[in-house]
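Chemist: kindly generate the corresponding structure for this input.
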Amino acid sequence: MSRPTHRVFVYGTLKRGHGNHEQFLKNAYFAGESATPPHYQMIAASFPVILPADPGKAVAGELYHVDDAALARLDALERVPTSYHRAVIDVTENGQPVKAYVYVGTERWSEIESHQPYTRCNSRGELDWKP
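Modeler: Have a look, this model is predicted:
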């Protein structure tokens, strides 16, 4: 395994205890819980999708360090660039500001009218996906 060089913020099925974690992030370095800046809305069915929003909310999730191969596998899972794009955002790690990748839904998600907004928030007011 190559050296972990990328921070990735996850907010859905890739989080610990959810369906894609074991296959994609089990061996990644878990850096802790974090949250996005308040610039998103969330839609969800069996998995969540975040989309840019103004005004928006912060999204709760987890921060991982991954290597190049793991990042490529995550890109394939998220169907970059068709379903998601990989964006760079500001998050915190151990109380310090850092940059991390996050998967944000492409415009095609906005066009699907059958998806309902996901509005469940944690005690900090962050969108916090729970299936």
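Chemist: can you pull out the helices in the chain?
Modeler: Under the criterion DSSP state H, the chain contains helices at 21-25, 68-77, 107-110.
Chemist: could you pull up the mean pLDDT of the first one?
Modeler: Same thing as helix 21-25. Across helix 21-25, pLDDT averages out at 97.
Chemist: which parts of it are buried?
Modeler: Neighbour-count burial for helix 21-25, with 16 or more other C-beta atoms under 10 Å as criterion, is recorded at 21, 24-25. Yep, even glycine has a C-beta here, placed from its N, CA and C like the rest.
Chemist: go on, the longest one?
Modeler: Taking 16+ other C-beta under 10 Å as the neighbour-count basis, helix 68-77 is seen to contain the buried residues 70-71, 74-75, 77.
Chemist: one more: stretch 90-105?
Modeler: 91, 93, 100-105.
Chemist: okay if I get those as a markdown table plus distance to H65 and pLDDT?
Modeler: Shown next, in a markdown table, are those (distance: C-beta to C-beta, whole Å; pLDDT from 0 to 100):
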| residue | distance to H65 | pLDDT |
| --- | --- | --- |
| V91 | 12 | 94 |
| E93 | 9 | 92 |
| A100 | 9 | 98 |
| Y101 | 11 | 98 |
| V102 | 14 | 98 |
| Y103 | 16 | 97 |
| V104 | 20 | 96 |
| G105 | 24 | 93 |
